[in-house]
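[1] For reference, the sequence and a predicted model appear below.
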Amino acid sequence: MLIQPGPLLSKIDSPADLKELDQAQLVEVCDELRQFIVDNVSVYGGHFGASLGVVELTVALHYIFDTPKDQLVWDVGHQAYGHKILTGRRDNFHTNRIYKGLSGFPKRKESNYDTFGVGHSSTSISAALGMAIANQYKKDDRQHIAVIGDGAMTGGLAFEGMNHAGVSNSNLLIILNDNCMSIDPNVGALKDYLTDVTTSHTYNRVKDDVWKLLSKFSKFGKSAQEVVSKVENSIKSLLLKQSNLFESLNLRYFGPVDGHDVHHLTNVLNDLKDIPGPKILHCVTVKGKGYKPAEEGNATKWHAPGKFDKVTGEVFKKVPDAPQAPKYQDVFGHTLVELAEKNKKIMGITPAMPSGSSMNIMMKAMPDRAFDVGIAEQHAVTFSAGLATQGLMPFCNIYSTFMQRAFDQVVHDVCTQNLTVNFCLDRAGFAGADGPTHHGAYDIAYMRCIPNMIVAAPMNEAELRNLMYTAQLPRDGQAFTIRYPRGQGVMPDWRTDMQKVAIGTGRKISDGEDVAILTIGHIGNYAIDAKAKLAEEGLVPAHYDMRFVKPLDEELLHDIFRNFKKVVTVEDGCIMGGFGSAVLEFMAENGYGAQVVRLGIPDDFIEHGTQEQLHAECGFDAEHIALKVREMVGAKTPSSTSAN
């Protein structure tokens, strides 16, 4: 079902078409754009609240600036749906986040208007500053705009970018989209500071007059600008409880302004074009603006609600015919509380993903022992290291893709000091519709190369509980990484008694002959399905769940290579340097000569789609495992079970 745009929006195929409209028509454009987003996301799913919150800002930016010549950089990308629709992708927007369709995030190869690919937060300021300095060097007169949310401002990279921008004299405009939300409500001192700014009535009464004065004097040369700037800074400092954070970084601060007044925004942006140097516009918005259930309901729920009834706001949920297995994240959350009730040393840490990781369960049950530290993965890791130095047992839960941002802290602050920090990596493997910026493809490879690190992955919920139980037991140093995928497990009755697992031990799932299938983590369930298919054809490979990538179960591997000359390794991580590589290293170091075929994520960036689609595309779903076994033993593939 194709969603029909409104009469004005239907004629906007590029920002050039938007500029043909009278400013008075922009309110109607905003209404139609907002409705088009609601109509599409309600039917096809996707991110929701963030893009609704910046509809007016998006329209104003493309109306005033000469995009794509003027460089517009969106942070994260959850807020860029309106941008995509206005820049030639309206008629294909229904394919957003669908396999082989539009990316859910700005992507350079998708459009010239997507000046910088994004997915992780806090990158926009540094990227836009790089563009600004490059064009300054080339004497290319362009505007450069970074749109960053207040949640992303807690990321250290944002402060690094502002620190550089303040001394760059670059043509850079930072727009702070302040809605007090990332995915979950924002936390920390910066949130409190921005609240002080937006609620200072005296400051807000005076700042408009200062702004108008500055705009007028900016045309009379540098000396006049400097005088007005000094007066402006003095007034701002006097009116706020403390000096302005952004002014302290030498960024000229404007705002706060109403982010839903499109006429005022266009006037403000038009004025700011003529004010030289790095500057920041504080724009106050409401996440989910214009859709009542999102404005008044649970903002976290409406970040990416899935398909829903746009009239009633009811989110559609499939009613299962039978009891369903839980999500791995929920097993983690409940198990952590269960363990923490008995082990007073356990502490929980997550960087801005309490609901996504289910750390919110512990935060509710034990608020003094669980911490959301904001979008600050590096801090989360080193904060955990600090806790560990004092004899506590931190469980630091970070999505696999975001752990990449804290690699140095894992090496330098945790493993170099041989501290007992437990890393629980959610969304390991393919993240699905979020695509390559969010796939957890690399954690096995980058964690197993670090000394003083244990790396494990559970095949099911019971194994996750056992590994968590093992990780909280006293040990002589060593960090412990437990990786698990997004989505459901396989055990409806998952509340099993927890047992200690001997570190570095795998297990035989089933006997067999000719071929041994070695798996790591949840993906091992595909091997069970593959073996069932093969059994119908008289083929019986053995199956081993290795459970640990580091240390490997060498005793088990010796037994496997002594008895099998054909081995298949299967992982939902990158083949380069991953689990299969570890097995090959063992084989080479011990003089074995088996035929080993590795299945996993190839040396490429895999686009978005469902996990099942991507597993099939990369050739490690049940069909392809069975196909590989047949090839290794020289058996034909039955026509009814041929893999694509």
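    Right, received. Where do you want to start?

[2] Distance check, the residue lying closest to A542 once chain neighbours are set aside against V633.
    In space, A542 comes closest to G512 once its chain neighbours are excluded; the distance is 3.3 Å by C-beta to C-beta, 6 or more residues apart in numbering. Heads up, the C-betas are built off the backbone N, CA and C, glycines and all. As judged by C-beta to C-beta, to the nearest Å, G512 and V633 stand 11 Å apart.

[3] Looking at those two now, which is surrounded by more residues?
    G512 (20 against 14; other C-beta atoms under 10 Å).

[4] what's near enough to touch the more buried one?
    531, 540-543 (C-beta atoms under 8 Å, 6 or more residues apart in numbering).

[5] Can you list the buried residues in the helix or strand encompassing M587?
    Using DSSP states H and E, the element containing M587 is helix 579-589. For helix 579-589, the neighbour count (16 or more other C-beta atoms under 10 Å) marks 579-584, 586-587 as buried.

[6] again with stretch 120-140
    120-133, 135-136.

[7] Counting by contacts, list what the helix holding M587 packs against.
    helix 443-448, strand 548-550, helix 554-563, strand 566-574, strand 595-601 (3 or more C-beta pairs under 8 Å, 6 or more residues apart in numbering; DSSP states H and E).

[8] want to throw the ones you listed into CSV with mean pLDDT, distance to L9 and mean neighbour count?
    CSV is the format used below for the helices and strands packed on helix 579-589 (pLDDT from 0 to 100; distance: least, C-beta to C-beta, whole Å; neighbours: other C-beta atoms under 10 Å):
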stretch, mean pLDDT, distance to L9, mean neighbour count
helix 443-448, 98, 42, 25
strand 548-550, 98, 50, 24
helix 554-563, 98, 60, 16
strand 566-574, 98, 40, 26
strand 595-601, 98, 39, 21
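
[9] Write down the beta-bridge partners of V73, one by one.
    Beta bridges link V73 to A146, judged by DSSP bridges.

[10] That one contacts Q143, correct?
    No. Counting by C-beta atoms under 8 Å, V73 sits too far from Q143 to count as a contact (11.4 Å).

[11] which one of those two has more residues nearby?
    V73 (26 against 22).

[12] Let me see the contact set for the more buried one.
    Applying C-beta under 8 Å, 6+ apart to V73 gives the contacts 115-116, 118, 124, 127-128, 131, 144-147.

[13] Sketch out the low-pLDDT regions of this structure for me.
    1, 181-189, 191-243, 639-644 (pLDDT under 70).

[14] Nearest to A516 among the buried residues of helix 579-589?
    V583 (10.3 Å; C-beta to C-beta).

[15] circling back to that earlier point, now, which of the contacts of V73 lie within helices?
    Among those, the members falling in helices (DSSP state H) are 124, 127-128, 131.

[16] okay, those residues in a markdown table with distance to Q404 next?
    Converted to a markdown table, the ones in helices among the contacts of V73 look like this (distance: C-beta to C-beta, whole Å):
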| residue | distance to Q404 |
| --- | --- |
| S124 | 18 |
| A127 | 17 |
| A128 | 22 |
| M131 | 23 |
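
[17] which of those residues lies closest to K566?
    A127 (48.0 Å).
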